[in-house]
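> have a look at this prediction, sequence included:
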Amino acid sequence: MMKTNQNSKETYQRFHVLHRILHIVIIFNFTLLAITGFLLHFSGFGWARFLVSIMGGAAAAGWLHRFCAIFLYCGILVHLSWLFYYKFALKKKLSGPDSMLPKKKDIKDLYQNLRYVFNKGTPPLFDRFSYLQKFDYWSELLGMQSMGITGLMMWFPEFFTRIFPGYFINIAGYFHFYEAVLAVMYIGVVHMSDTHLHPDIFPMEKSIFTGKIEKERFMEDHPGEWERQQMIRTNQTDQ
């Protein structure tokens with residue numbers, strides 16, 4: 001149930017405090033991972049050597065990189081644990097209109113949104129999460145798994161070369177770096193422009209930090225969820 005706040009502007013609860021904390025943890029650690037990782041990769045350049053020296057040298061930068069990777073993955077494990085708790089302890093459904101799981105409606109929304117862009121129809125009625133938000137979620141969640149695996153292979157080459165040929169470590173290094181480039185480009189361009197740099201909310205989408213969304217934005221950005229919540233409230237009032 002969403003709670004309202006009858007202040008100057010009516011607001012609704014959108015994000016649980018746990019999800020807001022995890023988002024901050026991921027932002028902080030992802031940023032440090034990107035900085036330390038690229039500095040180590042380009043350590044042959046003078047500017048990179050200078051910045052690494054400020055961190056205490058390559059060894060210190062490497063340990064900071066690994067520490068952030070561990071801390072970030074702990075956030076992922078907490079998130080996955082929450083999903084198990086949500087499903088088995090709270091007896092909630094992981095599917096449904098509030099779910100991050102892809103649905104047929106997302107394909108229909110994509111098609112309808114393309115028609116709307118080309119002035120061929122009306123905009124889709126997005127529910128709690130749009131198809132692009134779901135793509136954001138799954139691309140980052142799954143991408144972190146492959147980044148983690150390749151990172152472990154480079155961290156413990158002696159162990160993994162007992163299982164795989166030695167050149168697999170070199171392959172892991174290439175995958176790790178270029179996927180990091182893709183991740184930074186995607187988050188820096190697609191995610192930031194769609195989530196935070198939209199003209200209506202520039203310079204920042206605050207709901208992931210405050211947990212609340214204003215009524216007007218709720219009705220405009222998530223009309224499907226808004227209609228469902230109003231129907232639930234109406235049924236509860238009638239009872």
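Received the coordinates, thanks.
> can you give me the strands for this structure?
For the chain, applying DSSP state E gives strands covering 4-6, 10-13, 212-214.
> partners of the last one in the sheet?
Just to be clear, that refers to strand 212-214. strand 10-13 (antiparallel) (DSSP bridges).
> quick check: closest non-adjacent residue to residue 227.
residue 125 (7.6 Å; C-beta to C-beta, 6 or more residues apart in numbering). C-betas here are computed from N, CA, C, even on glycine.
> residues contacting that neighbour?
223-224, 227 (C-beta atoms under 8 Å, 6 or more residues apart in numbering).
> and the gap between it and residue 14?
17 Å (C-beta to C-beta, to the nearest Å).
> how near is the residue positioned nearest the centre of the chain to residue 216?
By C-alpha atoms, centre = their mean, the chain has its centre lying nearest to residue 137, at 4.8 Å. According to C-beta to C-beta, residue 137 stands 25 Å off from residue 216.
> do residue 38 as well
From residue 38 across to residue 216, the span is 40 Å (C-beta to C-beta).
> residues contacting the closest residue to residue 207 other than its chain neighbours?
Of all residues not flanking residue 207 in the chain, residue 213 sits nearest, at 4.5 Å (C-beta to C-beta, 6+ apart). Contacts were defined as C-beta under 8 Å, 6+ apart; by that measure residue 213 touches 11-12, 14, 207, 221.
> out of the residues you listed, who's nearest residue 71?
When the contacts of residue 213 are compared for distance to residue 71 (C-beta to C-beta), residue 207 wins out at 24.3 Å.
> so for the lengthiest helix in the chain, mean pLDDT?
For the chain, the longest helix by residue count, based on DSSP state H, is helix 58-84. Averaging pLDDT along helix 58-84 gives 93.
> understood, closing this out.
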